[in-house]
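# need coordinates for the following:
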Amino acid sequence: MPPKAGKEKASDDDDEVLQAVILADSFNSRFSPFTADKPRCLLPLCNAPLLDWTFESLASSGVQEVFVFCCSHSELIKEVISKSKWAKSTSGLSITPIVSPEARSVGDALRDLDAKQIITSDFILITGDVVSNLRIDEIVREHKERKKSADKEAIMTIVMREAAVRDRPRPGTDASIWLLDSNTSRCLGYEYVKAGTSTFKLDREIITQHVDLDVRIDLVDCSIDICAVDVPALFSENFDYQDIRTDFVKGILTSDLLSKTIYCHVAKGGYAARVKDTNAYATISKDFITRRIFPLVPDDNHISGTAYELRKGQVYVAKEGVALSRTCKIGAHTLIGPSVRISDDADVMGSVIGEACTIGRGAVIRNSYVWDGAVIEAGCVIEESIIGNGARIREGSTIGKGCMIGEGVTLGPHARLEKLRKVSRVKPAVDNSWGEDSGVNEAQPAQSDSAILGTEAEAYLWPIGDPTKGDDSEEEDENESAQQIQLGTLGFDASQVDAYTSDASSSIVSSVAGSPASFLSGGSSVVMNDFIIPTFHLGESTSDFKSECTQSLERAFEEGHTVENAAIELKTLRMASNVELELVKDVLVSFLVKHIPIVENAGQQRTEVNKLIGRWGRLVSALGADDAVENLVLFQRHCASAPKYQRIFGLVLAALYNSDVVDEDDIKEWLSNSEARGVGQKKELAPAMSDCLMQGARLLQHLQQMEDSDDEDDSD
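Below is the predicted model of the structure:
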């Protein structure tokens, strides 16, 4: 149906009030049990409410008027806003909460927005859990200029950013596929492809009518849209529209009646991301701590108003009231809020500690998020989990990866929670709504088992649902596959997803086209509505891939990942970038060699080599397609690249042998290999390569002598 007439203003004057609409409800329960008491937008991210991050993004872009659409917990949202700095006249924002208790989807909220008739011009539509440093006002200006001079039918500009390799969809996960006009960035097609899907439909006319076409799966949806004033009206006229992407965008693009158009703005710089799940929560927290969201950094005008001091290793400590024992250990990438007390021998690394938390003697906290007022008693171990406000973890308790401990919960002493468990103060509700607090599908009764939760626990253990469906996979997530939901869970091991290595998923993730002309070339393909789309490359430069791969390895070293998880990450990067395995191994071996400390003492040098190779040497073969001789040539070449590494090659080779990465036969074969002997290598490396070969020959001779000695002992 055509939109209602006369609603869109003609004026695009610079003095026009820039409006924004924030959707404060997420319409899912990814963050339960925390969202039983408050909406996701009020949960803390690096010690500031998520909604504050969104307000900051809008304020820095010159937005003047903001409407906050609230469904669940509306009174709490209004109270928090009224007491925040954004309610002051000096904030530059005029904020109006709009209560829409009957809304069950984004579509419902926009229909309510249309009914209230409060939008006067093109506006920004954003969710209440977005963190961004983009100048959104410039994108609004671009949108208005396009409407004025090039395409008066443009009703939406979708804000995207190019994904880093770590953010690319990997095999076994869902993928959003965007078809864009190469010259104008007009969106011509959109498909959300679930994991395990080998084909998707593509209108043949798109190919024949557009000479320059980009097919993109390397875009991150920032959940920021620039909308014309008649967008809410289109939702009112189409009551089946619930989701913006899968319903509205697809509906506009495929409509035979509407002539409206949609464009994409792909940000080349800056940062924007949505806290859509707990895994994204952890990633964005790390990005903030590692200063990837500059100028939003912890030690300079933190959103909460707290002053932080930057210390070595990107450790941030609040300047007010923090008491750190001299024997505690604070590892890299950690943020410690005000009035925190950390006791003797406690070890905190890669974590965020909220205001007024207490960490007991000898407690270990790794890659976790401890919210305000929580108490972690002596000897507790917490890995990759979220601990809610005011929770108390009694002495000697262990919290496995991916656990979510609700507000005010008491566990222990000596609680033993396996990974991916949820705990709350009250029994989890049976599924009873569509909003933030939709509960879970109760597959078994809630437990208060003292053997698991501890004898003095005040808590309920949430049931484990159907493992094939994920934790929150009921009605709320019809657009996403079970695998995608699982992979969005903090602490979830990607190797557990069966579809991770499926050929069908791989073909989608590793296939793209640059232009319609290339569609007719051969190669592996995916059938799309009677049209063949050949394999494509993402176009990521080798240097960019090497940078991403190196960053992944640095995280693995700093955060103490297992070899298996580090291998999964590298495989993911490789598949997303469509590069050869040899390049991944080359980056890995170079990284390992350069991270061996060089010391003068021979005995200490052997210890350093054994320590690193013993811990990480298996990662080379864990990448798959193991060729021990090829791996030895890589170590030889990188050791030969610098004299300080050349002299320790024999120690590296011995460590690889002792770690069972290579065996004696591999060394024999390597010694006779043409590449190891310098064929095809750089001439300037020839002397060093030869020296490394001699060190290897001496090691083999030593091994054979040991065998002969053992044989003689056996004969005696």
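# how is this structure carved up into domains?
Domains of the chain are assigned by automatic domain parsing as 19-162+219-274, 542-714.
# what's stretch 151-163 in contact with?
By Cβ atoms under 8 Å, 6 or more residues apart in numbering, the residues outside stretch 151-163 that reach it are 134, 136, 139, 142-143, 146-147, 178, 186-187, 218-222, 224-228, 230-231, 234, 249, 252, 259-268, 270-272. Every C-beta, even on glycine, is put in place using the N, C-alpha and C of the backbone.
# what does stretch 301-309 give?
Contacts for stretch 301-309 (Cβ under 8 Å, 6+ apart): 47-48, 52-53, 56, 85, 296, 298-299, 316-320, 335, 337-338, 355.
# and those, which of them are in strands?
The strands, defined by DSSP state E, take in 48, 316-318, 335 from the contacts of stretch 301-309.
# of all those residues, which comes closest to Lys38?
Minimum distance to Lys38 across the ones in strands among the contacts of stretch 301-309 is 14.3 Å, recorded for Ala48 (Cβ to Cβ).
# how near is the closest one to Tyr369?
13 Å (Cβ to Cβ, to the nearest Å).
# between those two, which one's more packed in?
Neighbours were counted for Ala48 and for Tyr369 using other Cβ atoms under 10 Å; Tyr369 has more, 28 against 17.
# tell me the spacing between the more buried one and Gly354.
On the measure of Cβ to Cβ, Tyr369 and Gly354 end up 8 Å apart.
# kindly report the same for Ala628.
In this structure, Ala628 and Gly354 are 49 Å apart, going by Cβ to Cβ.
# and Thr278, by the same measure?
Taking Cβ to Cβ, one finds Thr278 at 16 Å from Gly354.
# and if you look at Ala282?
15 Å.
# which one of these two has more residues nearby?
Higher neighbour count among Ala282 and Gly354: Gly354, with 24 against 20, using other Cβ under 10 Å.
# next, count neighbours for Asn238.
Asn238 - counted by other Cβ under 10 Å - has 18 other residues nearby.
# whoops, I mixed them up, Glu675
17.
# use 2 as the first number from now on
Happy to do that; since the first residue is 2 now, the last one works out to Glu676.
# check what pLDDT the closest residue to it other than its chain neighbours gets.
Excluding its sequence neighbours, the residue lying closest to Glu676 (Cβ to Cβ, 6 or more residues apart in numbering) is Val634, at 4.9 Å. What the model reports as pLDDT for Val634 is 93.
# please identify the helix or strand for Val634.
helix 629-641 (DSSP states H and E).
# what's that helix packed up against?
Here helix 629-641 touches helix 582-595, helix 619-623, helix 644-647, helix 650-659, helix 665-672, helix 687-716, going by 3 or more Cβ pairs under 8 Å, 6 or more residues apart in numbering; DSSP states H and E.
# mean pLDDT for those: which is lowest?
Across the helices and strands packed on helix 629-641, helix 687-716 gives the lowest mean pLDDT, at a mean of 82.
# okay, the angle between that one and helix 650-659?
For helix 687-716 against helix 650-659, the angle by axes from the mean of the first three to the mean of the last three Cα atoms, to 10 degrees is 40 degrees.
# could you check helix 687-716 and say which residues are buried?
689-690, 692-694, 696-697, 700-701, 704 (16 or more other Cβ atoms under 10 Å).
# and the gap between Leu43 and Ser425?
On the measure of Cβ to Cβ, Leu43 and Ser425 end up 17 Å apart.
# wait, I meant Phe56
29 Å.
# same thing with Ala629?
Ala629 sits 51 Å away from Ser425, going by Cβ to Cβ.
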